[in-house]
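Trainee: here you go, sequence then predicted model.
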Amino acid sequence: MRTLREHGQVSRAQLAVHSGLSKATISSLVGDLGQRGLVRAAGTTAGGQGRPGELVELRPASACGVGLDLHVEHVGATVVDLTGEVLLRRQVACDVPGSGPERVLDLLADVLTGVVDDVRARGGWVVGATAAVPGLVDTDGAVVRFAPRLRWREVALRDGLAARTGLALDFFGADNDANLAAVAEQQAGGAAAGLDDFVYLTGDHGVGAGAVSRGELVRGHLGYAGEVGHMMLDPLGPWCSCGRRGCWETQVGLGALLHACASPDDPVRDPALDPDARMALVRARAETGDRRTLDALHQIGTALGAGVAVLVNLFNPAAVVLGGYFAALSEWLVEPVRSEVASRVLAEGAGGATVVASRLGFRAPSTGGAVHALGRVLDDPTVVTMEDHVESTEGMVAP
Ligand SMILES: [Zn+2]
């Protein structure tokens, strides 16, 4: 499955070469995958010597992963197909901290059931769902340990969602939102494609880092690494959702930006508005040279750069990817960040680090969740049973 994903359309002979398996084994495996509806015929090899080989490829929408979004102001889902393309998205406004975990899980289960039905209607199969959580997560048990911005402690996502949807326990996973966003930036057409050393920063109400070093996420002893939003950068600074003072996210989180650039009754501060729409309003004001907006962006950019410099000194990344609202407003934020990094990092030339904007924006965490969930079928295609493959056999590969 992974070889097919990497190479696109290939013959059985090429699959044998790439995988190191015998041609007979490959033929048998391709036949099995065809019966599960996961692969299809894709014409024949052109030119070359001997008789043309039949090509096979993944059936893109046959198996899909779902990434679940748990945000302060909404819940949502992103569905990604076998080739990594985004198939559909859903988002529902919700005051998550104010609603409490039980009601939010009800809503999230509804969203999930809806997209599972949609995918089935298109002839596909959802193989799993992974939730992107802005906080500390026990990834083995899919339990939220502590998410200060959501005001959640010890919430068993897997148990709660399985009970509500009737789906199997092992259908569900969870991870920190920055970790999953880093995966998406690397593997789903993001700004970190091809990079083995980079730091992704969520730019939202909370700020967290997904650090990838030598191709692997830096998770730490218990999996809680990356809570950089709670680095104390100003001992006399404002109070943070975590109960401490002067955390970096009180300076550069979405709340800080909105507070600096708009009055309380300004539509920019309306949580019912889609985050992208709110950022479009801020952009429009910056483009027309609105003084308050430009001052706010410069202030945020400088404070962002001071923290990014700490991360560059710590990790020596090839790139720092600015996610969420940082990406939406990157035109005004990247320069002050680069300037702070240039002056604060010990290594010459910032140790080769560049500062770039995410290409996936606010959707990076849930897209990464979907990519993570897809891993189930790539690891073990038998999670899609023969009976699951319900619709037409058009384009099927003969066993
Ligand atoms: Zn804090």
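Mentor: Received, thanks.

Trainee: do you know how far the nearest residue to Leu346 once chain neighbours are set aside is from Asp295?
Mentor: Nearest residue to Leu346 in three dimensions, chain neighbours excluded: Asn313, at 6.1 Å (CB to CB, 6 or more residues apart in numbering). From N, CA and C alone the C-beta is placed, and that goes for glycine too. Plainly put, Asn313 is 28 Å away from Asp295 if you go by CB to CB, to the nearest Å.

Trainee: then Gly237?
Mentor: 19 Å.

Trainee: higher neighbour count, these two?
Mentor: Using other CB atoms under 10 Å as the criterion, Gly237 and Asp295 rank with Gly237 on top: 16 against 12.

Trainee: the closest residue to the more buried one other than its chain neighbours: neighbour count?
Mentor: Excluding its sequence neighbours, the residue lying closest to Gly237 (CB to CB, 6+ apart) is Gly246, at 3.2 Å. Counted with other CB under 10 Å, the neighbours of Gly246 add up to 17.

Trainee: what do you get for Leu157?
Mentor: Leu157: 26 surrounding residues under other CB under 10 Å.

Trainee: quick check: the gap between Ala309 and the ion.
Mentor: Distance from Ala309 to the ion, counting by CB to the ion, to the nearest Å: 19 Å.

Trainee: contacts only, for that residue.
Mentor: Each residue near Ala309 by CB atoms under 8 Å, 6 or more residues apart in numbering is listed here: 340-341, 343-345.

Trainee: what do you get for Leu136?
Mentor: 144-147, 176, 223-224, 227.

Trainee: narrow the contacts of Ala309 to those that are buried.
Mentor: Buried subset of these (neighbour count, 16 or more other CB atoms under 10 Å): 340-341, 344-345.

Trainee: among those, name the ones in helices.
Mentor: Residues of the buried ones among the contacts of Ala309 located in helices (DSSP state H): 340-341, 344.

Trainee: next, count neighbours for the residue in the stretch 251-399 of the chain positioned nearest to the ion.
Mentor: Here the residue of the stretch 251-399 of the chain nearest the ion is Gly253; by CB to the ion that distance is 9.6 Å. Neighbourhood size, Gly253 [other CB under 10 Å]: 25.

Trainee: Gln299 now?
Mentor: Neighbours around Gln299, by other CB under 10 Å: 17.

Trainee: OK, contacts around it?
Mentor: Ala260.

Trainee: where does pLDDT dip in the stretch 151-300 of the chain?
Mentor: Residues of the stretch 151-300 of the chain meeting the criterion pLDDT under 70: none.

Trainee: contact residues of it facing the ion?
Mentor: Residues of the stretch 151-300 of the chain lying close to the ion (CB under 5 Å from the ion) are 230, 240, 242, 244, 247.

Trainee: hmm, try it at 8 Å
Mentor: Within reach of the ion by CB under 8 Å from the ion, the stretch 151-300 of the chain has these residues: 229-230, 240-244, 247, 249-250.

Trainee: rewinding a little: now render the buried ones among the contacts of Ala309 as TSV, adding distance to Val75.
Mentor: As requested, the buried ones among the contacts of Ala309 are exported to TSV (distance: CB to CB, whole Å):
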residue	distance to Val75
Glu340	35
Val341	35
Arg344	38
Val345	38
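
Trainee: ok, which pair from these is furthest apart?
Mentor: Checked with CB to CB, the buried ones among the contacts of Ala309 reach their widest spread between Glu340 and Val345, with 9.0 Å between them.

Trainee: and the residue nearest to Ser27 when sequence neighbours are not counted, what pLDDT?
Mentor: Distances taken as CB to CB, 6+ apart put Arg12 closest to Ser27, at 5.7 Å, once the chain neighbours are dropped. Note on Arg12: pLDDT of 92.

Trainee: go on, Glu391?
Mentor: Note for Glu391: predicted pLDDT of 50.

Trainee: do Ser366 as well
Mentor: With respect to pLDDT, Ser366 scores 97.

Trainee: Met396 now?
Mentor: At Met396, the pLDDT value in this model is 41.

Trainee: if we go by neighbour counts, what in the longest helix anywhere in the chain is buried?
Mentor: With secondary structure taken from DSSP H, the chain has its longest helix at helix 291-315. By neighbour count on 16+ other CB under 10 Å, the buried set for helix 291-315 is 293-294, 296-297, 299-313, 315.

Trainee: do stretch 326-340 as well
Mentor: Buried residues in stretch 326-340, counting neighbours by 16+ other CB under 10 Å, are found at 326-330, 332-334, 336-338, 340.

Trainee: could you do stretch 103-117 as well?
Mentor: Those would be 104-105, 107-109, 111-112, 115-116, for stretch 103-117 by 16+ other CB under 10 Å.

Trainee: and for stretch 194-210?
Mentor: Those would be 195, 197-210, for stretch 194-210 by 16+ other CB under 10 Å.

Trainee: now do stretch 228-243
Mentor: Buried residues in stretch 228-243, counted by 16+ other CB under 10 Å: 228-231, 233, 237, 240-242.

Trainee: before we move on, what about stretch 159-171?
Mentor: Within stretch 159-171, the residues that qualify as buried are 160-162, 164-165, 167, 171, counting by 16+ other CB under 10 Å.
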